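> A predicted structure for the sequence below; I have some questions about it.
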Amino acid sequence: MAKYSDAFKLKLVTEYLNGNLGYRLLAKQYDIPDPTPIKRWVMAYKAQGVTGITRKAVKTVYPVQFKLDTIQFILETGASYPETAVQFNLNNPALILHWMKTFQKDGVEGLKPKPKGRPSMAGKPKKQKQEEAKQLTREEALERENELLRLENAYLKKLKAFRKKNASHEKHRQNWHSNSKGKDSD
């Protein structure tokens, strides 16, 4: 949520433009610790009207070229961030500062939009399987199928042997158990 409402900003701007109070006195009267925001609101209001001081409901994604133009404007003219914001109809000078820092750190690549959030894992395995199936030739597909059948056959043989061994072991246990009962009863 915004620290100051749009109505409050408009009230302060109109009071400044119509009244005898300066930035500092207005800040003191309304318990604002620093008069700088009021200066920015007045400058934005003069340049863009009410839209200059209202918060945008939808987050705007600016193209890379627009960001480069604002950075180039600052570098060529030496304008401040609030002046540049007024020039390019932006109501947040801090956004330009962020672009400038990102540009200095990462260059143009840093200004490109990045996908938000964690990448989805659901689509990746399916894509890999489909690509793998597409890349196999007829001969490779038959070899793969043959190998899978060999593995299945080996598994079934092991299972059959295990069951046979387990059955004979169980039969032996039953014989031993019945023999031990007979000896105890004597």
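That came through, no problem.
> tell me which stretches of this protein form helices.
6-18, 23-29, 36-48, 64-77, 81-87, 93-106, 108-111, 123-135, 138-185 (DSSP state H).
> in CSV, list the ones you listed along with distance to Lys56.
Where you see a C-beta, it was placed from the backbone N, CA and C, and this is true even at glycine. Output for the helices of the chain, formatted as CSV (distance: least, CB to CB, whole Å):
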stretch, distance to Lys56
helix 6-18, 11
helix 23-29, 25
helix 36-48, 12
helix 64-77, 15
helix 81-87, 13
helix 93-106, 11
helix 108-111, 20
helix 123-135, 33
helix 138-185, 55
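> lowest mean pLDDT across those, which one is that?
The minimum mean pLDDT among these belongs to helix 123-135 (a mean of 64).
> and the helices of the chain as CSV, adding mean neighbour count?
As requested, these are arranged in CSV below (neighbours: other CB atoms under 10 Å):
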stretch, mean neighbour count
helix 6-18, 15
helix 23-29, 15
helix 36-48, 18
helix 64-77, 15
helix 81-87, 19
helix 93-106, 15
helix 108-111, 14
helix 123-135, 9
helix 138-185, 10
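> nearest to Ala57, out of those helices?
helix 6-18 (10.9 Å; CB to CB).
> ok, the residue nearest to Pro82 when sequence neighbours are not counted - contacts?
Nearest non-adjacent residue to Pro82, counting by CB to CB, 6 or more residues apart in numbering: Pro93, 4.6 Å away. Counting by CB atoms under 8 Å, 6 or more residues apart in numbering, Pro93 makes contact with 40, 80-82, 84-85.
> what two of the residues you listed are the furthest from one another?
Arg40 and Thr84 (12.1 Å).
> name the nearest residue to Trp99, ignoring sequence neighbours.
Using CB to CB, 6+ apart and skipping the chain neighbours, the partner closest in space to Trp99 is Lys67 (4.9 Å).
> these two touch, right, the one you found and Leu111?
Yes: counting by CB atoms under 8 Å, Lys67 touches Leu111, with 4.7 Å between them.
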